[in-house]
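Undergrad: Generate a structure from the sequence data that follows.
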Amino acid sequence: MAEILLGVSGGIAAYKAVDVMRILQRRGHGVTVVMTRSAQRFIGPSTFSALSGRPVGVDLFGAEERPGYGHLELARSHDLMLVAPASANTVARMAAGLGDGLLGATLLAFDGPVIVAPAMNTRMYLHAATAANLALLRSRGVIEIDPASGLLADGDIGIGRLADPVDIADAVDGLLAGAGTLAGRRILVSAGGTREPIDPVRFVGNRSSGRMGWAVAEAARRRGAEVTVLAANVDLPRRADIRYIDAPTAAGLHAAALDEFPACDVLVMAAAVADFRPGAPLEGKIDKSAEGRLALDLEPTADILSDLAGRRERQILVGFAAEHGPAGLERARSKRLRKHLDLVVHNDVSIDGIGFESGENAITIIGEAGEQTVARAGKDTCAERILDAVAPLLASRG
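TA: Numbers count the residues shown, from 1 in each chain. Here you go, the predicted model:
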C-alpha cells in the first residue's frame with residue numbers, strides 16, 4: 001500500500017476530503033493531510049489529525065515560526081499527492097508554481113504522480129483562466145479528476161461539484177496500480193478527427209476533439225510507455241515526453257500509421273477518421289455566387305484499422321466505435337470481429353452531456369474474454385480502464 005499526501009484547499013467541499021481520506025485508509029493506504037489557510041475556515045485540522053492519527057501540515061515555517069524543511073520531508077516520504085478539493089485559487093497557484101505556502105512548496109518539491117480534483121462554482125470552473133490553468137497542469141502530467149454536475153452549495157446548478165469520494169479513491173488506486181506497468185512498451189495512439197479538403201478553405205470533417213486519445217496517450221506515458229500520437233487536428237496541450245505527429249487527413253493518418261505501426265506493441269485507434277472524402281478537391285476557393293448549389297462527389301477513404309490488422313505480427317489492436325442509440329453496442333461487437341481487433345471501445349454519443357467535446361465518457365470495452373462497462377466517468381478514468389484491459393493481452397503475447 002502507498003503513502004498518500006492529501007492537500008485540502010478552501011471551499012465548502014473541504015468537508016468531503018474527510019470521506020476521501022477514510023476511503024483511502026480503508027483500502028490500506030497511509031494518508032497525511034496538508035491544509036491551506038483557507039481550508040481551515042471550513043474544517044479544522046484537528047478533525048483530520050484525529051481520524052488519520054497523524055499531524056496535519058498547516059504552516060510552511062512550523063509551529064515555532066522558524067524556517068524548516070517540512071515541505072521537503074513530506075515530498076520525500078510520500079508516493080502520490082492528491083489535492084481534493086482544489087479551489088480555483090489553488091489551481092491557479094499550482095499552475096503558476098507558487099510556493100509561499102506549505103501545500104504549494106510541497107508540490108514544487110514533489111516528483112511523483114499528482115492528482116487534482118477541482119471543486120468550485122460553475123462560472124469559475126468554466127472561466128477561461130481556470131481552463132487554461134488546468135490545461136497547463138495536465139500538460140505537465142497532473143491528472144485531473146473532472147468535477148461532477150448538480151446542485152452547488154450556492155444554489156446554482158451546473159458543473160463544479162467535487163467528484164464522488166469513491167471515484168477519487170479509484171483514480172488514486174488506478175494510478176498507483178498502473179505505475180510502470182508499460183515500461184519498455186511502445187504505444188501508438190491516434191486522436192482527433194480528420195478533415196478532408198473540398199477546396200483550400202473548406203473541408204468535410206467531424207466533431208472529434210481528440211480528448212479521449214489524448215487521455216489514453218497520457219495514461220500510457222504515466223505507466224512508463226514510450227508513446228507516439230498521430231494527431232488529426234487536435235488543439236490540446238502537448239507533453240514534452242510524448243512524441244506527436246500531425247496527420248490532418250485520412251490519407252495522411254494512414255501513411256503515418258503505416259510508418260509507425262511496425263515498431264509499436266499496441267495501437268489505440270481513437271481518431272475519428274472520415275469514411276468519405278471529396279474525390280477531386282479544388283485548387284481554388286469555390287465562388288458561392290457563381291456556383292449556386294454545390295454537389296460533392298465523395299469517395300471512400302481507406303479502412304486504416306483493417307489494413308493494419310492484416311499487417312500485424314504481434315501488436316495489440318484497439319478500435320473505437322462512437323455509436324448513437326441502443327443498437328450501437330451490437331454494431332461495435334460486429335466491428336471487433338469484422339476488423340479482427342483485440343478490443344473495441346464502444347461509446348454511445350446519444351447520452352445527454354457525453355460527446356466529443358465533453359470531458360466525460362461512458363464506455364463498454366469489448367474483447368474476446370468478455371465485456372467491461374465503465375459508467376459515466378472522466379476520460380482519464382476511461383483511459384486507465386482501457387489500458388487495464390490491454391495489459392493481460394500484452395502479457396499473453398510476451
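
Undergrad: The stretch 1-150 of the chain: strands as residue ranges?
TA: In the stretch 1-150 of the chain, the strands defined using DSSP state E, counting those that start in this stretch lie at 3-8, 30-35, 80-86, 114-118, 143-144, 148-151.

Undergrad: so what strands line up beside the fifth one?
TA: Listed by DSSP bridges, the sheet partners of strand 143-144 and their directions read strand 114-118 (parallel).

Undergrad: Report the mean per-residue pLDDT for the partner strand.
TA: Averaging pLDDT along strand 114-118 yields 95.

Undergrad: Put the alpha carbons of it into CSV.
TA: Extracted in CSV, the C-alpha atoms of strand 114-118 (Å, rounded to 0.1, in the frame of the first residue of the first chain):
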residue,chain,number,x,y,z
VAL,A,114,-0.1,14.3,-8.7
ILE,A,115,-3.9,14.2,-8.9
VAL,A,116,-6.1,17.3,-8.7
ALA,A,117,-9.9,17.2,-8.1
PRO,A,118,-11.3,20.7,-8.7
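
Undergrad: Can you say which of the strands of the stretch 1-150 of the chain is nearest to V390?
TA: V390 lies closest, by Cβ to Cβ, to one member of the strands of the stretch 1-150 of the chain: strand 143-144, at 18.6 Å. C-beta: built from backbone N, CA, C; applies to glycine.

Undergrad: Give me the contact list for that closest one.
TA: Under the criterion Cβ atoms under 8 Å, 6 or more residues apart in numbering, residues 113-118, 134, 137-138, 171, 175, 222, 378, 380 lie in contact with strand 143-144.

Undergrad: Take those residues and write them to CSV, including distance to A369.
TA: Output for these, formatted as CSV (distance: Cβ to Cβ, whole Å):
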residue, distance to A369
P113, 29
V114, 33
I115, 29
V116, 34
A117, 32
P118, 36
L134, 36
L137, 36
R138, 32
A171, 25
L175, 24
R222, 25
G378, 25
D380, 24
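
Undergrad: Grab the two from those residues that are most spread out in space.
TA: Distance extremes for the contacts of strand 143-144: the farthest pair is P118 and R222 at 19.2 Å, using Cβ to Cβ.

Undergrad: Those two: which has the busier surroundings?
TA: A side-by-side neighbour count of P118 and R222, using other Cβ atoms under 10 Å, places P118 first with 30 against 24.
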